[in-house]
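Asker: coords please:
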Amino acid sequence: MSSSATDQPPPSADVLRQVEILSAGAAQVLPAGSLGPRLAEAERAGRPLRVKLGIDPSGSELTLGHAVVLRKLRQFQDLGHLAVLIIGDFTGMVGDPTGRSAVRAMLTAEQTAANATTYLEQVMRVLDPERVEIRRNSEWLAPMTLTEVVQEASVLTVARLLERDDFAKRYAAGQPISLVEFLYPLLQGYDSVAVAADVEIGGTDQTYNLLVGRDFQRAHGQEQQLVLTVPLLEGLDGVAKMSKSLGNYVSLTEPPEEQFGKLMSIPDSVVTRYAQLCTDLLPEQVAAVAAQVAKGGPTANAAKRAVARQVVALYHGPEAATEAEEHFDERFKRREVPTDVPEHQLDAADPVHLPLVLVATGLAASRGEARRLIDDGAVRVDGTPLPAKTYDLARSALTGRVLQRGKRLAVRLTS
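Answerer: Have a look, this model is predicted:
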């Protein structure tokens with residue numbers, strides 16, 4: 001167990017620098033003030049911290065929003081610590097109820113296995129594969145007997161489970177909560193025992209589950225992990241959380257020019273946040289970006305370009321980032337795509353019926369005229385004329401883009 005802080009020498013310069021880097025962009029460290037002492041303890045013991053991140057393979061495509069916590073885990077790796085990545089192939093079948101207002105459908109073992117393969121390929125675009133321990137929680141959860149499950153369940157009370165906002169709201173509203181959902185925090189918490197985690201990281205929406213891990217470690221006589229949470233990333237509109245369903249996202253596997261173009265559409269208000277959460281810039285470099293953004297105008301635009309280059313370089317390499325920027329300039333500068341234009345919010349329809357949008361934005365007087373303009377090549381998206389008969393496009397292909405008729409009539413489409 002940790003010795004009293006009064007018995008220990010002051011933290012080294014290296015520990016203080018690690019605290020500065022790891023705290024930057026973090027939403028919360030619990031217990032408060034625990035990061036420095038835990039790092040100092042590891043330094044004295046001459047060992048890396050075991051930093052746990054659990055991912056449930058519930059989908060197939062990761063976004064910059066998903067990557068925020070992965071980037072924080074990479075920071076731990078770069079500072080010499082070990083990433084313990086837990087693939088929730090067992091918990092993935094149960095499904096994390098966090099933030100949900102209804103019972104979540106359970107995935108099959110085959111679905112979680114297929115998703116896990118895709119996840120790992122994308123995750124390793126962020127993490128250092130030389131400093132990661134990959135585990136699947138079916139290793140320890142699948143063999144558990146009912147007797148063992150009942151014994152572990154005694155660690156948590158119903159009152160403790162109802163502390164979760166989503167459970168409390170559903171209970172108050174008379175909505176069903178299955179026992180399976182109550183088991184999810186238990187299973188995730190036991191993962192921390194199984195891998196002897198020193199630190200667990202996750203999004204702010206996971207705070208409850210992460211703290212449950214401390215309960216289970218205490219019950220098993222282990223030193224309790226500290227919890228570090230990261231914020232949820234706003235999407236391209238700068239308001240709603242990045243989400244594939246809203247179309248306001250950038251995926252890790254998108255082509256470089258798509259990533260760059262989307263990032264250039266974010267409002268200035270979130271450029272610093274993207275620099276902090278989506279790149280590997282150091283705290284002082286993020287502060288420099290913030291100072292540029294505060295000046296507004298061309299200086300803020302230059303900061304946005306720098307952040308876009310940083311992000312693309314992380315997932316595709318510096319050369320691809322340079323080429324993506326050149327491609328962007330080809331489309332916008334040389335095609336004279338206007339930048340200072342009014343915005344129009346797309347409705348929830350997907351695909352988007354462009355004639356309706358052209359009429360709603362005043363770029364066409366009627367849907368018939370809108371179709372004729374498209375067929376004549378007079379309607380452009382980001383400077384590229386639409387092919388004839390292109391009346392419907394995916395919402396994701398239009399979000400953040402400039403819809404233009406001629407040189408003077410244009411709007412920027414938002415989600």
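
Asker: residues in contact with the nearest residue to Pro267 once chain neighbours are set aside?
Answerer: Among residues not flanking Pro267 along the chain, Gly238 sits closest, at 4.1 Å (C-beta to C-beta, 6 or more residues apart in numbering). C-beta coordinates here come from the backbone N, C-alpha and C atoms, glycine included. Shown in contact with Gly238 (C-beta atoms under 8 Å, 6 or more residues apart in numbering): Ile266, Pro267, Ser269, Val270.

Asker: Apply 6 Å and report the result again.
Answerer: When contacts are counted by C-beta atoms under 6 Å, 6 or more residues apart in numbering, Gly238 touches Pro267, Ser269, Val270.

Asker: now Ala153
Answerer: With C-beta under 6 Å, 6+ apart, Ala153 has no contacts at all.

Asker: And it, how far from Asp215?
Answerer: For Ala153, the distance to Asp215 equals 12 Å [C-beta to C-beta, to the nearest Å].

Asker: Val286: which of the contacts of Gly238 is nearest?
Answerer: Closest to Val286 out of these is Val270 (12.9 Å), distances taken as C-beta to C-beta.

Asker: what pLDDT does the closest residue to that closest one other than its chain neighbours get?
Answerer: Residue nearest to Val270 in three dimensions, not counting chain neighbours: Gly238, with 4.4 Å by C-beta to C-beta, 6+ apart. Per-residue pLDDT puts Gly238 at 85.

Asker: Quick check: phi and psi at Gly238.
Answerer: phi 80, psi 10 (degrees, to the nearest 10).

Asker: show me where the protein has strands.
Answerer: 28-30, 50-55, 82-87, 132-136, 199-203, 226-230, 343-345, 352-353, 379-381, 384-385, 392-393, 402-405, 409-414 (DSSP state E).

Asker: Confidence-wise, which of those strands is weakest overall?
Answerer: The bottom spot among the strands of the chain, by mean pLDDT, belongs to strand 384-385, with a mean of 79.

Asker: chain center to it, what's the gap?
Answerer: 32 Å (C-alpha atoms, centre = their mean, to the nearest Å).

Asker: neighbouring strands for that strand, and are they parallel or not?
Answerer: strand 379-381 (antiparallel) (DSSP bridges).

Asker: what does the strand it pairs with rub up against?
Answerer: Leu373, Leu386, Arg401, Leu403, Gln404, Arg405.

Asker: For the fifth one, give its distance to His327.
Answerer: Taking C-beta to C-beta as the measure, Gln404 and His327 are separated by 18 Å.

Asker: before we move on, what about the second one?
Answerer: From Leu386 across to His327, the span is 19 Å (C-beta to C-beta).

Asker: Now do stretch 294-306: everything it contacts.
Answerer: By C-beta under 6 Å, 6+ apart, stretch 294-306 touches Asp268, Val271, Val289, Gln292, Val293.

Asker: So for it, what gets flagged as buried?
Answerer: Neighbour counts over stretch 294-306 (16 or more other C-beta atoms under 10 Å) mark Ala300, Asn301, Ala303, Lys304, Arg305, Ala306 as buried.

Asker: Roughly how far does the fourth one sit from Val158?
Answerer: Applying C-beta to C-beta, one obtains 49 Å for the distance of Lys304 from Val158.

Asker: Any idea how many residues pack against the spatially closest residue to Pro351 that is not a sequence neighbour?
Answerer: Spatial nearest neighbour of Pro351, excluding adjacent residues (C-beta to C-beta, 6+ apart): Asp392 at 4.3 Å. By other C-beta atoms under 10 Å, the residues close to Asp392 number 13.

Asker: before we move on, what about Val150?
Answerer: Using other C-beta under 10 Å: Val150 sits among 10 other residues.

Asker: quick one, which of the strands of the chain is nearest to Arg331?
Answerer: strand 384-385 (6.7 Å).

Asker: got a list of contacts for the closest one?
Answerer: Gly377.

Asker: Then stretch 200-209?
Answerer: 27, 52-53, 69, 72, 98-99, 164, 185, 188, 210, 213, 225, 227-229, 232.

Asker: Just the buried residues out of these, in PyMOL syntax.
Answerer: Here is the PyMOL command that selects the buried residues among these (16+ other C-beta under 10 Å):
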select buried, resi 52+53+69+72+98+164+185+188+210+213+225+227+228+229+232
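
Asker: The contacts of stretch 200-209 in helices, which ones?
Answerer: Residues of these located in helices (DSSP state H): Val69, Lys72, Pro185, Gln188, Leu210, Gly213.

Asker: With pLDDT and distance to Gln175 as new columns, can those be given to me in JSON lines?
Answerer: Listed next are the ones in helices among the contacts of stretch 200-209 as JSON lines, based on pLDDT from 0 to 100; distance: C-beta to C-beta, whole Å:
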{"residue": "Val69", "pLDDT": "94", "distance to Gln175": "28"}
{"residue": "Lys72", "pLDDT": "95", "distance to Gln175": "33"}
{"residue": "Pro185", "pLDDT": "86", "distance to Gln175": "18"}
{"residue": "Gln188", "pLDDT": "90", "distance to Gln175": "22"}
{"residue": "Leu210", "pLDDT": "92", "distance to Gln175": "24"}
{"residue": "Gly213", "pLDDT": "94", "distance to Gln175": "27"}
